[in-house]
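> turn this into a structure:
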Amino acid sequence: MKVLYICLVIFIFSLTSYPAYGARTVHIKEGDTWHYFKGPGGPPDKWQHTGFDDSGWEQGPSGFGYGKGKNNTLLNDMKGKYKTVYVRREFTIMNYSRINRVTLSLVCDGPFIAYLDGIEVLRSRKRQRGDILDLSGFAHELDHSRNVVAIQCSNDDINSDDFSFIPVFYLNEE
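Now for the predicted structure:
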């Protein structure tokens, strides 16, 4: 009976989305807090690099926007005034040599640019609706400890009735 119970636990564990035993995951989920910059002027230089002082930036849960959509951080002043929102979030890597997967998923109502440690890793002129974008080929660019994922997302139309921006970042160390 004990063996059957252990086998059942192993089987159930294998069906979950948990990483392998001993692995570590960095997962910045929808609704997690990011530092963000908004307004008609862009942020200061090097905003997408590690070591940038974002203490003067606002903080809020992802789901940035106004109008319809999953907007956890309301940008009610955006329509007609500015098109772009800049977000950044630092994370730590514990075992650099064991990184096996890095992904970014975005909902963005217009063009975006994504950076890892100040290096542009993705750019698109199209809307994104949550597709998983593989950044694993850029894992070698990450620092052995402190890192930053930074994204700028723009609305297609400054006078649009809505805007949604939801970044989700995932990194697995096995």
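
> now do the phi/psi pair for residue 98.
Backbone dihedrals for residue 98, given as degrees, to the nearest 10, come out at phi -100, psi 10.

> how close does it get to residue 92?
Residue 98 sits 14 Å away from residue 92 when distances are taken as Cβ to Cβ, to the nearest Å. Where you see a C-beta, it was placed from the backbone N, CA and C, and this is true even at glycine.

> again with residue 46
With the distance defined as Cβ to Cβ, residue 46 ends up 20 Å from residue 92.

> what's the answer for residue 83, then?
In this structure, residue 83 and residue 92 are 32 Å apart, going by Cβ to Cβ.

> likewise residue 113?
Relative to residue 92, residue 113 is positioned 23 Å away (criterion: Cβ to Cβ).

> okay, the two: which has more neighbours?
Residue environment comparison for residue 113 versus residue 92 gives the larger neighbour count to residue 113, 17 against 11, counting by other Cβ atoms under 10 Å.

> checking the more buried one next. Helix, strand or coil?
strand (DSSP: H, G, I helix; E, B strand; the rest coil).

> who does it form a beta bridge with?
For residue 113, the beta-bridge assignment (DSSP bridges) gives partners residue 123, residue 152.

> kindly report the same for residue 34.
Assigned bridge partners for residue 34, using DSSP bridges, are residue 60.

> OK, contacts around it?
28, 59, 60, 61, 62, 87, 88, 89, 167 (Cβ atoms under 8 Å, 6 or more residues apart in numbering).

> isn't the fourth one right up against residue 32?
Yes - judged on Cβ atoms under 8 Å, residue 61 makes contact with residue 32 at a distance of 6.5 Å.

> what do these two both touch?
In terms of Cβ under 8 Å, 6+ apart, residue 61 and residue 32 are not both contacted by any residue.
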